[in-house]
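*Asks:* Give me coordinates for this.
(one chain, ligands or ions: 1)
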Amino acid sequence: MKKIFFVFTLLFISNQWTAAQTFNPSDIKKHVDLLASDAFEGRGTATLGEIKTANYLADQFKNLGLKPAGTNGTYFQPFQVIMGIDGFAHQMTARNVIGFLDNGAEKTIVIGGHYDHLGKGYQTGSLSPDSKNLIHNGADDNASGTTGVIELAKYFAGNAVKEKHNLLFIGFSGEELGLLGSKYYTESPTIPLKSISAMINMDMIGRYNTDKGLIISGWGTSAAWGKIIPDLARKQNMKYTIDSSGVGASDHTSFYLKDIPVLQFFTGTHSDYHKTSDDSDKINAEGEADILKLIAGVLEKLDNKKEDPGFLTAGNPHAGATTSNFKVTLGVMPDYSFSGKGLKIDAVSKARPAEIAGIQAGDVITKLGGKTINTIYDYMEVLGAHEKGQQVEAEFLRGTERKVVKVIF
Ligand SMILES: [Zn+2]
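*Replies:* Just a heads-up that it's a prediction; the model follows:
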């Protein structure tokens, strides 16, 4: 299959443009500190921590005057999840939280982010050793994006403008278990899917680093993005990397698969990813304020256009082979901001195939199972073609040194 995936970086450094802060870093910090505090117990799907967080979000929506747009006139849209806990499968109820800024328009833009995280480590996904009964606060993942949903709702509900679109704000649950909340929403939407012009997602926007820049995915899902974003980013002196695909590891994917143009904003992985150390003291609130200003700008431009942004099928060479379908894994976290050839490893899970084979964070895998790995999609293709227990050769670069190891899936 032809690979259409590409990434490039644009740098803007000399512009002296400044403006009054549209989003207040101290408000951002306040929300993230609270959502990522132990009081919310790591926001595990279908736990009391999730309910407490859902109530907090609903309270915010209510105070801003958003209409409840969940089930039965509430802010909540419950759905069932089946979760394996200590070897037994349990059916439990989780909930999305939905608020509607109703401008009486025909079309609606969805603004979302998942509010669930790994709770106390009983669900899968933790990369901390001995993670059970430890609270995973998930400040970056995704108290930061949840805060983005709240702050954008505040901005658009509080401005003196009546937008030409309605805005639907959604906090998704079940994301960490496989995008379950957004999948459920797009299967059982509370407004007609046909009326949705675009979906903007925020997942991990709390670690903005001016060297790495922002990672914007979904670029290829509409021709509008390339016309709107570069100008706005230049005015804010923001650097970014793009990924054309509409399929990725967050909730925008569910909307893309329903032919809706999407954007996903992300500040990159880090060594605290999915660990108990993803705490709020490491959040860059000023950086997040800049990102929210950029997103608000995108929304305003989108809102002012007469035509819909228009959906495009983006380069998506790994369709049908999303992570959850793989029978095998290396147990690594790819560095999505890496734009060189190969798969750069950001983190390695304990006692999984990569770690057992001696692969470390920082290594760049260039060949796996006889296939040259240029992009993450080559890697996913190899995973899709293997079964548990199979042994393959992995070739990787550690600095300039080339190494070859045997990996058992
Ligand atoms: Zn996340």
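*Asks:* For the protein, give me the ranges with low pLDDT.
*Replies:* Applying pLDDT under 70 to the chain flags residues 1-21, 315-326, 336-337.
*Asks:* Can you give the domain ranges for it?
*Replies:* Domains of the chain are assigned by automatic domain parsing as 9-304, 326-408.
*Asks:* These: which one's closest to residue 311?
*Replies:* The closest of these to residue 311 is domain 9-304. By Cβ to Cβ, the value is 5.0 Å. Quick note: C-beta positions are derived from backbone N, CA and C, even for glycine.
*Asks:* chain center to that closest one, what's the gap?
*Replies:* Distance, stretch centre to chain centre, for domain 9-304: 7 Å (Cα atoms, centre = their mean, to the nearest Å).
*Asks:* Turn the domains of the chain into TSV, columns for mean neighbour count and distance to residue 310.
*Replies:* Converted to TSV, those look like this (neighbours: other Cβ atoms under 10 Å; distance: least, Cβ to Cβ, whole Å):
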stretch	mean neighbour count	distance to residue 310
domain 9-304	20	6
domain 326-408	17	25
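*Asks:* among those domains, which is nearest the ion?
*Replies:* domain 9-304 (4.2 Å; Cβ to the ion).
*Asks:* Need the contact partners of stretch 117-131.
*Replies:* 41-45, 47, 49-50, 83-86, 132-138, 141-143, 176-177, 273-277, 333, 347, 349-350 (Cβ atoms under 8 Å, 6 or more residues apart in numbering).
*Asks:* Just confirm residue 303 is within a strand.
*Replies:* No. Using DSSP: H, G, I helix; E, B strand; the rest coil, the assignment for residue 303 is helix, not a strand.
*Asks:* Is the residue nearest to it when sequence neighbours are not counted within a helix or a strand, and which one?
*Replies:* Nearest residue to residue 303 in three dimensions, chain neighbours excluded: residue 163, at 4.7 Å (Cβ to Cβ, 6 or more residues apart in numbering). Residue 163 belongs to no helix or strand when assigned by DSSP states H and E.
*Asks:* how about residue 163, what does it touch?
*Replies:* 101, 103, 105, 156, 303.
*Asks:* Equivalent analysis for residue 288, please.
*Replies:* 23, 25, 28, 32, 144, 147-148, 205-206, 208.
*Asks:* mind running it again at 7 Å?
*Replies:* The contact partners of residue 288, taken as Cβ atoms under 7 Å, 6 or more residues apart in numbering, are 28, 144, 205-206, 208.
*Asks:* From those residues, which land in helices?
*Replies:* residue 28 (DSSP state H).
*Asks:* Kindly report the residues of the stretch 1-150 of the chain close to the ion.
*Replies:* Counting by Cβ under 5 Å from the ion, the stretch 1-150 of the chain comes close to the ion at 141-142.
*Asks:* so where do the strands sit in the stretch 1-150 of the chain?
*Replies:* 9-10, 67-68, 76-85, 88-101, 108-114 (DSSP state E, counting those that start in this stretch).
*Asks:* Done for today, thanks.
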